[in-house]
Each structure stands twice: as C-alpha cells, then as structure tokens.
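J.: no letters, just coordinates:
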Ligand code: ADP
Ligand code: ZN
Ligand code: ZN
C-alpha cells in the first residue's frame, strides 16, 4: 500500500501519514484529508510503503485537488523557510499557497439543475394562496417561459429551493440536470485603472546603459547585484531594460516592491512599456480568485513578469530568468508575524536556486546589502546622476530659536506659502498619525495611558477619540483629568491631523490633503488620492512614510520634514539607519521634474551627523560610519541575530519561560552563540500581555542555524502552553 506523507496547516510539526487507497497521489500534490473532526488541504511531501503508525490504522486521502502538483523547487524553498525561520513546514506551505487552494472542495463540480413549467399556469395558480406573493412571483416567471436555475429562482423568491422540490413532486414543473460548473469559477474583477505617462521610451543615460550591460552579462548565472542609484536616477528604466532582455529569451522576471500602493502604478508602467507581455501583479489587496488566477499564470510560465509585494517571492516561476527587489532596504519586506521571513533574503535564495541574477535596487541600501557590496560578495552598479531632476538642496530650521505654532515654524509656513503661491506642490512629512501623541493635564502631569498596554494613547481629533496604536483600544476623550479634575486637558505634540488642521487655518484657500493609514483605509483610496495629486487638485500634502516611497509627483518642489528628531532618541540600534533612509527617500520626492527641489528640516539638532549626511546627500560616507560603529559594537551585519519573543498574561510565567529557554541555550555548549539576558520588550505590555525577549547572536548563518535547530525543539516546555512565543530570525526590530 502506498502511504502519503502530508504536511498540514497545523501548529504541530508534521508530516502526517495517510493511506492513498486507489487515488493516484504524487509528491507535491494537494490533497484533502480528514484531520481530527475537520477536513484540510495538505501537501504530499513524500510517498512511503509503510507507516510507523501501522498501515491499518491510517485514515485515507479523500481526494486530490485538481491542480498540478507543486514542483520540487517550491517544496525545497518551503523546506528552507521552515528550517531557517523555525516554522512548521505545513504552515509555511499554507502561507505560500493561494487561499482558494487551501479549501478541501476546491474545483469540485457541483450539479446544477434547471426548472421549467410542466402544467398549465392557471392550474398551478389555483392552488396557491393569493397572499403568497413570493410563490406567485416564481410562477409568473415560469409562466413567461423562463427556464430557471436555482440561483435565479432564489433571487426571485428566497423560499424557492424547497418550493421547487414540492412542485416537482406535484408534477407542476420539470427538473433537468445541466452541465456541471466548477464551484469556484467566476469572472475576475477589473483592476483599478491608473493614469500613466504616454508610451515613451527614454534613451538610457550612459550610466543606465552601463548598468544594464554589466548586469545582462550575468544572466544565466547566480550573481547578486546592488543597483545603487540616487533617488530619481532612473533605476526603474534599468529594470525595464533588463526585463526586456529576459523576456526576449522567453524567461520570467520576478519584481518585488515594498508597498502595495506602488504596485498599480508600476504595473501600469510595465504593461504600458510591454503591451505584448503578460504582466501579473500579486499583492495582499487582491481578491482570492484573482490571486489564484494570476498565481496559475505565473506557475504555468505564461506570465513574463510577476510583480508584487513580499508574498510574491513565493510565486512558482518555472522559467525564472531574473529577480529584482526594488527599494531593497525597506523594512516592509520583513513579515512581522507568523512566518517572519525577509522577502529580500528569500529573493536572493530563490535566485541562487534558479541560478539567475538578483538585482537589489535602492538609493539607500540596507547596511547588510551595502556591506556585501563593499566586501565584493555582491557586485554593484551605480547611478549617480539624475536624468531629469536635480539633487535637492537641504536646509535646516533650528527650532530652538523659533516659536512653533502647532508644531510649525514661521520659516516653514512662509516657505509652504511661497511654494503654493507659485502654483507648485509641497509635502509636509511627519511620521506620526493622529492629532497629538499625548493627552496631558498641565496641572498635575497626568497623561492618557492605555489600560491594556504600557503605551500612551494617541489623540485623534475628528472623532475626539483616544486610540492605542498598539492594541487598537479606543475611548472617548476625558472631559476632565481623572486625577485632579482639571478640565483643561492638552494635546501635546503633533500628528498628521494636527498639521493638516493648522495648515488649513494658516493657508486660507490652499488645498490640503492628508495621506496616512487612517485616511487611506478604504479600498482604492490611495489610488484616488494619487490621481488627485498628479492632476494638481492638491497644493499641500501632509503625510507619513507612506508618501516617502517611490512616488513620482512632478509638481512637488518642497518637502518640509517635521518631528524627525524623535527617532534620534530611540534605543534601537537601527534607528539611525532607518531615519537616514527615510529622510533620503522623502527628500528624493522634491524636484522630480524640471524644477529644483528644496528640503527643509525642522530640528533641534541641526548638526547631528544624520542631518549633516542628509544635507550632503552623502550615503556612502554615512553608511561607512554606521558600518564602522556596527563592527565596533558587534551588531549586524557583522553578527547574526535571533530573538525569542514571549508574552503572557502573567508576568512571572513569561519570565520563567524565557529564563528556562536561556538556560537551555547556555547548556548547548558546543554552539557558537552568545546568549544575552532576558529583557522586557520596548513596549512591555500590549493588550494585557507582558512581553519579554531573549537575544541570541552567532558569528555566521551556519552557526545560527545549527544552534536554532537544536534549541528550538527544547522550547516546548510545560510552561510554553501558558506563554505565546516565537523565534524571530534576523529581526529588523529589537
Ligand atoms: P528612481 O526609481 O531611481 O528614483 P525613476 O526610475 O522613477 O527613478 O526615474 C525618475 C524619473 O526620471 C522618471 O520620471 C523617469 O521617467 C525619468 N528617467 C529615467 N531615465 C531616464 C532617461 N534615460 N532619460 C530621461 N528620463 C529618464
Ligand atoms: Zn490633572
Ligand atoms: Zn493598548
């Protein structure tokens, strides 16, 4: 008897054995199986002759889903992720498959029926109560000669399913089987249309041409590339030329972007350039049916270009010829929950397995990638010039010397006013949403605090609500201080809403638009805003980092940066790197077209190195400084980290779990790792749970994998059932 070893979407390590009976099961097949009292879809990862459980005790594979089995490449990628990120293989497979393929009845054919009148309508009518209007409606439809299917019948009268059966028994109507339809067939919803510039192909600059040439020479082999190009240097044109060459040889390109909001724009640009090529875009905003259809095009090798956010890195592409990761430094490539993978790292792995080049593009590469380029492990190509735009000028407003009105200095306001007066656009960047981050009582010092988290509540003005950005808790603003009764509570500090309000008040007539995750929650909201901005219906944009990435607004000439100092106080060693990347990105939004751009930074520390570097647009110098510091203090990329994160309702249980885990780690004496102390998480309590973490460092990936493979299985102690925990490998935040 053949036994199928099946990986299932359960938190327990598989595989699980099933008898195949007379079903033809292959490795990689998706199968529906019974599990406990439920049915589940699993992936067959191996076939065997006998099972340690005993063949006679096995349950049977119920059906094989009507899709091509997963390939060996897909299975081995999943196995790598499961091992590297310490996640059950069955769950990794489930995450990487389109949701519809996880339904046991996927592709089952359902029998459809048609009904038509068989007796005289008047005879039937005589038997229907005059008040039964639904029944009469149904009869009228049948009497008009219509042939009803069950869906249509139910639309006419909700009680149709039962009624039709009765009528069939009485001989009033006839029932006939019709051709079966797949239960999950259906039409695709059209995608949002985006305006693109007309189909013009610019002549590449010398630098662009050179980059395309050197990278093209490596097609057909695994070479990791850093494409280091200042903002506005035309990295996208380099990607497009490379894609063209790859497609010309019948191969596929995987193009990853950090933000869902960037995909429609880029998809339109790519499709516009290559009208004859199949471009599929995969992002988290797709309806499931669309996702599946596009996934199947990719895996059939029909899609020449697969474009998407981080999850797209798992798309099976049999003809893969090139992988591109745009804005590779962006931390949204790291998934923050469940399978905590880094799509950029997986992209490199995928390219290596397929033996193709991978291009990591950025104006501000991550220090990991940059160090690899410096050391020669990655090759690099640079774009230092801007074909159309010029480097922005950066100036500082020293807020220690200025009075601020709702967080805005007079100089900043004047510059914004001038910019609007010239008919140009301005972006006011503040990376905090809400109205004010603190609600304060000036009389006694009380601040509104979340009851369930060790975090302050953010004031959201329009609804006069306080919201916790960690657990989502909301409450109405207090009328008076709960401690001293003072009625004059004060919103301290600024968020996007307050700046929006202040600008509206100060700049009469200016059209102000706020773009943050609150204002863009609705589907397509961002695309609509983007069109408004591009068609110049907006003068001043107020936005978070959502606006910093990759967008191209030709009329935007001024960027005002507020509240950036905040990041200088962070305890995270990556804060400086991230701040610099954000500032360089947002500064790159200014002066994209023929007008020069100007960047104004409001700060208390105009001579801080991060601002100095920004003013000189000096990535290389600043990155070299940061790398030297990382090397001195032993931080990544010079060491490899993993964090065990734990949380529990009872603080003592959380600590006890972490300490036991630390003890286990220390007892693995042949492992080449450093185990640090158990410490509280930066936000110690979230949604009523106490959170702590334990950092482990290794000198290289191999040592880390070896250690984790031995440590991880020991963590399922008796305490772990009371504690939620996860290992975060290569964390981007501590
Ligand atoms: P990046 O992604 O590097 O910030 P983009 O690829 O968005 O830059 O290009 C910036 C602008 O320069 C775009 O408007 C693009 O159309 C234009 N551009 C790029 N390459 C050229 C070129 N060779 N000639 C003229 N314009 C170009
Ligand atoms: Zn008070
Ligand atoms: Zn909270």
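T.: Perfect, I can see it now. As the structure is a computational prediction, the values presented were derived from the model and not from experiment. Ligands and ions are numbered 1, 2, ... in the order given.
J.: where does pLDDT dip in the stretch 351-500 of the chain?
T.: 462-463 (pLDDT under 70).
J.: ligand 2 contacts on that one?
T.: 441, 443-444, 446, 481, 483-484, 486 (Cβ under 5 Å from the ion). Backbone N, C-alpha and C define where each C-beta goes, glycine included.
J.: around ligand 1, pick out the residues from the stretch 551-700 of the chain.
T.: By the rule Cβ under 6 Å from any ligand atom, the part of the stretch 551-700 of the chain lying against ligand 1 is residue 552.
J.: pick out the residue of the stretch 551-700 of the chain closest to ligand 1.
T.: residue 552 (5.3 Å; Cβ to the nearest ligand atom).
J.: quick one, phi/psi of that residue?
T.: Main-chain torsions, residue 552, degrees, to the nearest 10: phi -120, psi 100.
J.: helix, strand or coil: sort out residue 18 for me.
T.: Using DSSP: H, G, I helix; E, B strand; the rest coil, the structure places residue 18 in strand.
J.: that one contacts residue 64, correct?
T.: No. Residue 18 is not in contact with residue 64 according to Cβ atoms under 8 Å; the separation is 11.4 Å.
J.: give me the more crowded residue out of these two.
T.: residue 18 (25 against 19; other Cβ atoms under 10 Å).
J.: from residue 72, how far off is the more buried one?
T.: Residue 18 sits 21 Å away from residue 72, going by Cβ to Cβ, to the nearest Å.
J.: follow-up on the earlier one: which of the residues of the stretch 351-500 of the chain next to ligand 2 fall in strands?
T.: residue 441 (DSSP state E).
J.: what number of residues lie near the residue in the stretch 201-350 of the chain positioned nearest to ligand 2?
T.: In the stretch 201-350 of the chain, the residue that lies nearest ligand 2 is residue 336 (36.2 Å; Cβ to the ion). Residue 336: 11 surrounding residues under other Cβ under 10 Å.
J.: what do you get for residue 20?
T.: Residue 20, neighbours per other Cβ under 10 Å, totals 19.
J.: residue contacts, the closest residue to residue 446 other than its chain neighbours?
T.: Leaving out its chain neighbours, the residue that sits closest to residue 446 by Cβ to Cβ, 6 or more residues apart in numbering is residue 483, at 4.4 Å. By Cβ atoms under 8 Å, 6 or more residues apart in numbering, residue 483 lies in contact with 441, 444, 446.
J.: residue 511 now?
T.: Contacts of residue 511 (Cβ under 8 Å, 6+ apart): 537-540.
J.: just the buried ones from these?
T.: 538-540 (16 or more other Cβ atoms under 10 Å).
J.: tell me which of these fall in strands.
T.: Judged by DSSP E, the buried ones among the contacts of residue 511 include residue 540 as members of strands.
J.: ok, then the element right after the helix or strand where residue 628 lies?
T.: Here residue 628 sits within helix 619-633, counting by DSSP states H and E. Next helix or strand after helix 619-633 toward the C-terminus (DSSP H and E): strand 640-648.
J.: which elements pack onto that next one?
T.: Using 3 or more Cβ pairs under 8 Å, 6 or more residues apart in numbering; DSSP states H and E, the elements in contact with strand 640-648 are helix 651-667, strand 674-686, strand 689-698, helix 701-711, strand 724-729.
J.: and the last one, what's buried?
T.: If you call a residue buried by 16+ other Cβ under 10 Å, then strand 724-729 has these buried ones: 725-729.
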